[in-house]
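Enquirer: Build me a model from this:
(4 chains)
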Number of protein chains: 2
Amino acid sequence: MPNDRAVGEKPRLNLDTFLPYRLSVLSNRVSDAIARQYSERFDLSIPEWRIIAVLGQSPNLSAREVAGRTAMDKVQVSRAVTSLVSSRRVTRTEDAEDARISRLTLTAKGRAIYEEVAPLALRLESLLLSSLSPQERTVLQSLIYKLDRQVSLLGAPE
Amino acid sequence: MPNDRAVGEKPRLNLDTFLPYRLSVLSNRVSDAIARQYSERFDLSIPEWRIIAVLGQSPNLSAREVAGRTAMDKVQVSRAVTSLVSSRRVTRTEDAEDARISRLTLTAKGRAIYEEVAPLALRLESLLLSSLSPQERTVLQSLIYKLDRQVSLLGAPE
DNA sequence: GCCAGATAGTTTCATATGAAACTATCGTCG
DNA sequence: CGACGATAGTTTCATATGAAACTATCTGGC
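Expert: Next comes the predicted model:
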């Protein structure tokens, strides 16, 4: 158990076993390793890649919908979309019903990137998971899910 | 199993079950929630807090040693230490043997912060873990450990 | 129809960050 | 001793990021 100690002892905080720290280090190492694989080859930032990933699955989303599905804020999405539009990987067309909304879709160029990067990402994910048994993989999913729900109790981002 | 699919099907990448993405979102949510608890109250950034945490356990480290224990690079450490020194939470004294090295130690003020924030951080960690059974906690540690080792195979940060 | 919020998205501005260049000191090989 | 490469740490510079202000459009009550 992390940071365990006998009653009455001084609280000991050891970063090596402190979950938030371990998670942060692991997550950064994973993201960096994967981003390294596509960032130079396709000149894609992480936000840009995420947007391509959701649009690859669900075309015609608004910026707000993209933000909701990628855990990015609207500023990040706006900037990444601007960049994707100027590199002709995404098109922005005004929504027919509501002029405030623009509908985002991959161009052929954007789709080609999606078709190439998605399998690459999946390969890297399975390489990462290859050190785990099938049970461990299942447990991992459920642990992440439980922690994700619990974290909202630590103080909502109001 | 994440992103599972039948043989021959198109590779499907779904962010919601894509481990690197899930990890990143979880880790950010956890870090943000915890940082929120101490950042305003103590005017501490995450890098600053990490440095206080390691110096609280191991006084007299060099900047390089701090970097090694906190997964930060030397630039980040240098900047955070400068800030901690100017707010009189850490002292920098030249190493007796090697003039390139400075030894870092918490001041009384720095120690007071450590004594207050460490238990707070540990409380938040146990709140987070309270949704998991003892076995799950053990498994979690070992999964993080395994993934951490495996990630180095995804391409070393040269 | 028209005004008072609400909502979608962009821009601005101040700060954070990282890579690379730089400074100072050290160790060592001749 | 005296270069020369390695090491500790800092600074510079260019870019990334987030909060808050802003623009444009929409919706609901009157």
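
Enquirer: Mind pulling up the pLDDT for residue A:152?
Expert: What the model reports for residue A:152 is a pLDDT of 83.

Enquirer: which residues does it contact?
Expert: Residues near residue A:152 by CB atoms under 8 Å, 6 or more residues apart in numbering or on different chains: residue B:29. All C-beta atoms are positioned from the backbone trio N, CA, C, and that covers glycine.

Enquirer: mind listing the helices for chain A?
Expert: Applying DSSP state H to chain A gives helices spanning A:19-42, A:46-57, A:63-70, A:74-86, A:108-129, A:134-151.

Enquirer: winner for burial among those?
Expert: Most buried of those, by mean neighbour count (mean count of other CB atoms under 10 Å in any protein chain shown): helix A:46-57, with a mean of 22.

Enquirer: Please produce JSON lines containing the helices of chain A, extended by distance to DNA strand C.
Expert: Below are those laid out as JSON lines (distance: least, CB to the nearest atom of the strand, whole Å):
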{"stretch": "helix A:19-42", "distance to DNA strand C": "8"}
{"stretch": "helix A:46-57", "distance to DNA strand C": "11"}
{"stretch": "helix A:63-70", "distance to DNA strand C": "3"}
{"stretch": "helix A:74-86", "distance to DNA strand C": "3"}
{"stretch": "helix A:108-129", "distance to DNA strand C": "16"}
{"stretch": "helix A:134-151", "distance to DNA strand C": "20"}
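
Enquirer: For residue B:59, which of these is the nearest?
Expert: helix A:19-42 (19.5 Å; CB to CB).

Enquirer: As TSV, the helices of chain A with distance to residue B:114 would be great.
Expert: Shown next, in TSV, are the helices of chain A (distance: least, CB to CB, whole Å):
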stretch	distance to residue B:114
helix A:19-42	15
helix A:46-57	33
helix A:63-70	36
helix A:74-86	34
helix A:108-129	35
helix A:134-151	24
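
Enquirer: nearest to DNA strand D, of those helices?
Expert: helix A:74-86 (4.7 Å; CB to the nearest atom of the strand).

Enquirer: quick one: that closest one near chain B?
Expert: No. Using CB under 8 Å from any CB of the partner chain, helix A:74-86 stays clear of chain B, coming no nearer than 12.3 Å.

Enquirer: now that helix and helix A:46-57, what's the angle there?
Expert: Put simply, helix A:74-86 runs at 70 degrees to helix A:46-57, going by axes from the mean of the first three to the mean of the last three CA atoms, to 10 degrees.

Enquirer: Please list the outside residues in contact with helix A:74-86.
Expert: Taking CB under 8 Å, 6+ apart as the rule, helix A:74-86 contacts A:45, A:47-48, A:50-52, A:63-64, A:66-67, A:70, A:72, A:90-92, A:104, A:110.

Enquirer: Give the closest residue to residue A:94 in space, chain neighbours not counted.
Expert: Nearest residue to residue A:94, sequence neighbours excluded (CB to CB, 6 or more residues apart in numbering or on different chains): residue A:102, at 5.8 Å.

Enquirer: In contact with that neighbour, which residues?
Expert: The contact partners of residue A:102, by CB under 8 Å, 6+ apart, come to A:62-63, A:92-95.

Enquirer: Out of the helices of chain A, which gets nearest to residue B:117?
Expert: helix A:19-42 (12.6 Å).

Enquirer: which other helices and strands contact that closest one?
Expert: Contact here means 3 or more CB pairs under 8 Å, 6 or more residues apart in numbering or on different chains; DSSP states H and E; on that basis helix A:19-42 packs against helix A:46-57, helix A:108-129, helix B:19-42, helix B:108-129, helix B:134-151.

Enquirer: repeat that for 10 Å
Expert: Packing partners of helix A:19-42 (3 or more CB pairs under 10 Å, 6 or more residues apart in numbering or on different chains; DSSP states H and E): helix A:46-57, helix A:108-129, helix A:134-151, helix B:19-42, helix B:46-57, helix B:108-129, helix B:134-151.

Enquirer: now it against helix A:134-151, angle please.
Expert: Using the same axes, to 10 degrees: helix A:19-42 against helix A:134-151 is 110 degrees.

Enquirer: How far away from the center of its chain is helix A:19-42?
Expert: Put simply, helix A:19-42 sits 10 Å off its chain's centre (CA atoms, centre = their mean, to the nearest Å).

Enquirer: for stretch A:129-145, same thing?
Expert: Centroid separation between stretch A:129-145 and its chain, computed with CA atoms, centre = their mean, is 18 Å.

Enquirer: same check, this time on stretch A:114-129
Expert: Chain-centre distance of stretch A:114-129: 13 Å, with CA atoms, centre = their mean.

Enquirer: then that stretch to CSV, C-alphas only?
Expert: Extracted as CSV, the C-alpha positions of stretch A:114-129 are listed here (Å, rounded to 0.1, in the frame of the first residue of the first chain):
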residue,chain,number,x,y,z
TYR,A,114,-5.9,9.4,-39.8
GLU,A,115,-5.7,6.1,-41.7
GLU,A,116,-2.0,6.0,-41.2
VAL,A,117,-1.6,7.3,-37.6
ALA,A,118,-4.5,5.4,-36.1
PRO,A,119,-3.0,1.9,-36.7
LEU,A,120,0.3,3.2,-35.6
ALA,A,121,-1.2,4.5,-32.3
LEU,A,122,-3.0,1.2,-31.8
ARG,A,123,0.2,-0.8,-32.4
LEU,A,124,2.0,1.3,-29.8
GLU,A,125,-0.8,0.8,-27.4
SER,A,126,-0.6,-3.0,-27.8
LEU,A,127,3.1,-2.9,-27.4
LEU,A,128,2.6,-1.0,-24.2
LEU,A,129,0.0,-3.5,-23.1
